[in-house]
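Asker: Structure of the sequence below:
(one chain, ligands or ions: 1)
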Amino acid sequence: MSLQILSERPVSEEDPLDLMDEIEALKKEKDASILAHFYVDGEIQDIADFTGDSLKLARDATKVTTSTIVFAGVHFMGESAKIMNPEKRVLIPDMLAGCSLADSCPPDQLAAFQEQLRAQGRDFQTVAYINTSAAVKSLVDWIVTSGNAREIIDRVPADKEILFVPDQHLGRYLIEVTGRKMILWPGSCMVHEVFSIQDLIRIKKRTPGCVIMAHPECPQNILELTDVVGGTEKMRQHVMSVEKPTTFLVATEAAMIHPLQKAAPQHTYIPVPGITASTGETCACNRCPHMSRNTLQKVRDCLKNGGPEIEWKDYFQQARAVLDKSLLK
Ligand code: 13P
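Answerer: From the prediction side, this is the model:
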């Protein structure tokens, strides 16, 4: 089955190879390093100094030796890099690259809900997925990524309730694997919500011996069909551990195929489509519209112009303490 990726992005006139050369030269001139999440275009991952999942990149941000970091990802990732490196200049290629999960949990609503729970006498700690704003991070006890969630949940004292924000699907999955009771915030990721269960069943039937891998941000009906549930780095580790050429159906952002192919080229990877129209075209909604705001041109421009830049805010200090104890200790 061919998957048509529809893009609303303007087609660039500029040669990608020239842009890559220009970026390489600007990195040296501006003393900058590029961090790129597995969900940005493969060509940006290829010119990055560090690539990875949210956990690795947050940790890598503390190892950067240059004075400037360009974070090709989404806004909360740039914010986390700044929080962990107050003295560095942190640039992001597009300020509008947000996150539907982060948007689903505004800090004032979270603070009001926490207040309501406290008024009811509930004894709880708040655990936030890293896909949240810094203002939300400053209101919580722990931050998790898909890569360390189980470990962090185990650090929450057993006599406390857990308020998990903002991803209800990841939260439900964590209830299942940790056995802890949680109060779930009703947020979700727009990309992981749209996989079509019918199409997944159809491709599985047509592909004997295939292995389904899905991100824990997917809803329960997708995870029930899944062989390997894991974040992006776990997926990469898994395909590297399988020697025999295998067909993997991958239910996460479609750019993830690039690092999988690089890590284990012996396999075939089929991105699980979103809802398919009667014409056979998919909605291409397995590409995150925010991640795909990152382009080589914008990486070049932000290096050249020294912006857009993530500015330090007072509440970053509190968020820093939570990020430090959750991701670095
Ligand atoms: P991981 O890369 O940590 O699996 O998370 C994916 C994601 O949600 C990025 O926004």
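Asker: Give the buried residues for stretch 183-202.
Answerer: Using 16 or more other C-beta atoms under 10 Å as the burial criterion, the residues of stretch 183-202 that qualify are Leu184, Trp185, Gly187, Ser188, Cys189, Val191, His192, Val194, Phe195, Ser196, Asp199, Leu200. All C-beta spots, glycine's among them, are computed from the backbone N, C-alpha and C.
Asker: what pLDDT does the third one get?
Answerer: pLDDT recorded at Gly187 is 97.
Asker: For it, list each beta-bridge partner.
Answerer: Asp167 (DSSP bridges).
Asker: quick one: it and Phe164 touch, right?
Answerer: No. When contacts are counted by C-beta atoms under 8 Å, Gly187 is not listed as touching Phe164 (10.0 Å).
Asker: Among the buried residues of stretch 183-202, which lie within helices?
Answerer: Judged by DSSP state H, those include Asp199, Leu200 as members of helices.
Asker: now, which of the buried residues of stretch 183-202 sits nearest Thr62?
Answerer: Distance to Thr62, by C-beta to C-beta, is smallest for Cys189 among those, at 25.8 Å.
Asker: hmm, back to that, just give me the closest of the buried residues of stretch 183-202 to the ligand.
Answerer: Distances from the ligand to the buried residues of stretch 183-202, taken as C-beta to the nearest ligand atom, are shortest for Cys189 (6.3 Å).
Asker: can you pull the contacts of that closest one?
Answerer: Cys99, Ser100, Leu101, Asn131, Asp167, His169, Glu217 (C-beta atoms under 8 Å, 6 or more residues apart in numbering).
Asker: so what's the fifth one up against?
Answerer: Which is Asp167. By C-beta under 8 Å, 6+ apart, the residues touching Asp167 are Leu101, Tyr129, Asn131, Trp185, Gly187, Ser188, Cys189, Glu217.
Asker: Just give the nearest non-adjacent residue to the residue in the stretch 151-300 of the chain that the ligand sits nearest to, would you?
Answerer: Closest approach between the stretch 151-300 of the chain and the ligand, counting by C-beta to the nearest ligand atom: Gly231, at 2.9 Å. Distances taken as C-beta to C-beta, 6 or more residues apart in numbering place Ser146 nearest to Gly231, at 2.8 Å, with adjacent residues excluded.
Asker: Check the burial of that neighbour by counting its neighbours.
Answerer: 27 (other C-beta atoms under 10 Å).
Asker: and if you look at the one 3 residues further on?
Answerer: Close neighbours of Ala149, defined as other C-beta under 10 Å, add up to 25.
Asker: The one 5 residues further on now?
Answerer: Applying other C-beta under 10 Å, we find 10 other residues in the vicinity of Asp154.
Asker: ok, and the closest non-adjacent residue to it?
Answerer: Thr178 (7.1 Å).
Asker: re the thing from before, any idea which of the contacts of Asp167 is the one closest to Lys262?
Answerer: Checking the contacts of Asp167 against Lys262 by C-beta to C-beta gives Glu217 as the nearest, at 22.6 Å.
Asker: what about Ile69, which SS state?
Answerer: Judged by DSSP: H, G, I helix; E, B strand; the rest coil, the three-state class of Ile69 is strand.
Asker: Skipping its backbone neighbours, what lies nearest it in space?
Answerer: Counting by C-beta to C-beta, 6+ apart, the residue nearest Ile69 is Val90, at 4.9 Å.
Asker: Might you report the residue contacts of Thr207?
Answerer: Thr207 makes contact with Thr247, Leu249, Ile270, according to C-beta under 8 Å, 6+ apart.
Asker: what's the spacing between the first one and His238?
Answerer: So that's Thr247. Separation of Thr247 from His238 (C-beta to C-beta, to the nearest Å) stands at 14 Å.
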